[in-house]
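S.K.: kindly return the folded structure for what I paste below:
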Amino acid sequence: MNNEEKDLPENNLEPNEAQHSASASEHTAHTESTDPPKEQAAETPVKEEPLTQAQHVDVRPLQEHVRRVREEIGKVVVGQDNLVDMLLAAMFVGGHCLVEGLPGIAKTLTSKLLAQTISSSYHRIQ
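M.R.: A predicted model of the protein is given here:
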């Protein structure tokens, strides 16, 4: 044990907290070494917020809603699980969808059902 290790307090953190703490100190050390010179820092003030433990978000309600949407669409459309997943993913990120495929595989029907299930509007462009 060297002198630096003797001066450090004992680590009473859980394994994940210890890893987070170590990575936080590494991050701080990294950002300190890449700070701009003093004269540039005065021109563009940068407010550093202390790193905190990650906030845990309970996604179970969202998972339940997604399960119910899939279940409702599955009552009418069979075999388009991948399409439904892609439509939901596009919806969550606020994007648009271009659905391509052979005629008769329920692309329009699936899209309309999704819009009705989540009480949204549907627009088809050819």
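S.K.: helices of the chain, start to end?
M.R.: Remark: helices assigned in the chain by DSSP state H are 3-7, 15-33, 38-43, 60-74, 81-92, 107-117.
S.K.: and the contacts of stretch 103-123?
M.R.: 69, 72-73, 76-77, 80, 83-84, 87-88, 91, 97, 99-101, 124 (CB atoms under 8 Å, 6 or more residues apart in numbering). C-beta coordinates here come from the backbone N, C-alpha and C atoms, glycine included.
S.K.: neighbour-wise, which of those leads?
M.R.: residue 73 (25 neighbours; other CB atoms under 10 Å).
S.K.: which ones are touching that one?
M.R.: Shown here is residue 73, whose contacts under the criterion CB under 8 Å, 6+ apart are 80, 84, 110, 113-114, 117.
S.K.: and what of residue 80?
M.R.: Neighbour list for residue 80: 73, 105-106, 110 [criterion: CB under 8 Å, 6+ apart].
S.K.: where does the protein dip in pLDDT?
M.R.: 1-45, 49-53 (pLDDT under 70).
S.K.: hmm, back to that, widest-spaced pair of the contacts of stretch 103-123?
M.R.: Spatially, the most separated pair among the contacts of stretch 103-123 is 72 and 100, at 23.9 Å (CB to CB).
S.K.: look at residue 108 and say how many residues are nearby.
M.R.: The local packing of residue 108 (other CB under 10 Å) involves 11 other residues.
S.K.: ok, it to residue 60 distance?
M.R.: 32 Å (CB to CB, to the nearest Å).
S.K.: likewise residue 47?
M.R.: Remark: distance between residue 47 and residue 60 (CB to CB) = 35 Å.
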